[in-house]
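Engineer: no FASTA, just this:
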């Protein structure tokens, strides 16, 4: 027996014209229709999404919203950023995600987690996300806009082998000011880098720095 033929199609359509009682309150017919549409059109997706750089340290949950906006939640565990400096300023970073081809807009982003050095660094870091990997003799990311044009740099607490917390940061431009979106044209770099810079502690030898935490992006393909 087909269960489809046993349903009253007219009756189910008429239900959308009635209020809906939920645990969070009464939904109007318009709200009820919106909820039903969201249930049909949103959810995890596997096409038109970006590429994780290192699956061994990064996992992603990709969600498509009813308005076509995509949400990417990345969980990073001991994600390697490279070696810090030694009694000198240095910017380092690593690619963690690549957006799919085409024009894309990053609407908002945030990051929260800890940076953990393998050696006894005690300096603070300027951290952020950009479309170019941080490099060179720099103590802050702000000198090169693309080092932090997705999430503006925010200072961490002093590093310690146990890690230093990095507070959540919203919006998506240098210093978290200006317009809250970033357009990435088809011909531009679609790579996203987690970057840090600082004046590193004088130690016996430079050592590795890792990040464990969450990065969230809300973005949209333009075509």
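Structural biologist: Cool, got the structure. Being a predicted model, the structure only gives us computed values, none of them experimental.
Engineer: what about the spatially most central residue of the chain, which SS state?
Structural biologist: In the chain, the residue lying closest to the centroid (C-alpha atoms, centre = their mean) is residue 216, at 2.7 Å. Put simply, residue 216 is strand when judged by DSSP: H, G, I helix; E, B strand; the rest coil.
Engineer: sheet partners, orientation included, of the one helix or strand residue 62 maps to?
Structural biologist: Assessed by DSSP states H and E, residue 62 sits inside strand 58-64. According to DSSP bridges, strand 58-64 forms sheet pairs with strand 43-44 (antiparallel), strand 70-83 (antiparallel).
Engineer: which stretches of the protein have low pLDDT?
Structural biologist: Scanning the chain for pLDDT under 70 picks out 1-19, 21-27, 30-47, 169-180.
Engineer: in it, which spans are helices?
Structural biologist: For the chain, applying DSSP state H gives helices covering 9-15, 29-41.
Engineer: ok, back up a step: so which of the strands paired with strand 58-64 comes closest to residue 158?
Structural biologist: strand 70-83 (17.1 Å; C-beta to C-beta). (Each C-beta comes from the backbone N, C-alpha and C, glycine too.)
Engineer: that closest one: which residues count as buried?
Structural biologist: By 16 or more other C-beta atoms under 10 Å, the buried positions in strand 70-83 come out as 70-72, 74, 76, 79-83.
Engineer: okay, now the domains of the chain?
Structural biologist: Under the assignment automatic domain parsing, the domains of the chain span 4-41, 43-221.
Engineer: which of those is buried the deepest?
Structural biologist: Most buried of these by mean neighbour count (mean count of other C-beta atoms under 10 Å) is domain 43-221; its value is a mean of 18.
Engineer: and it, how far from the chain's centre?
Structural biologist: Put simply, domain 43-221 sits 8 Å off its chain's centre (C-alpha atoms, centre = their mean, to the nearest Å).
Engineer: okay, how far is it across stretch 181-189, tip to tip?
Structural biologist: This stretch, stretch 181-189, spans 16 Å end to end (C-alpha to C-alpha, to the nearest Å).
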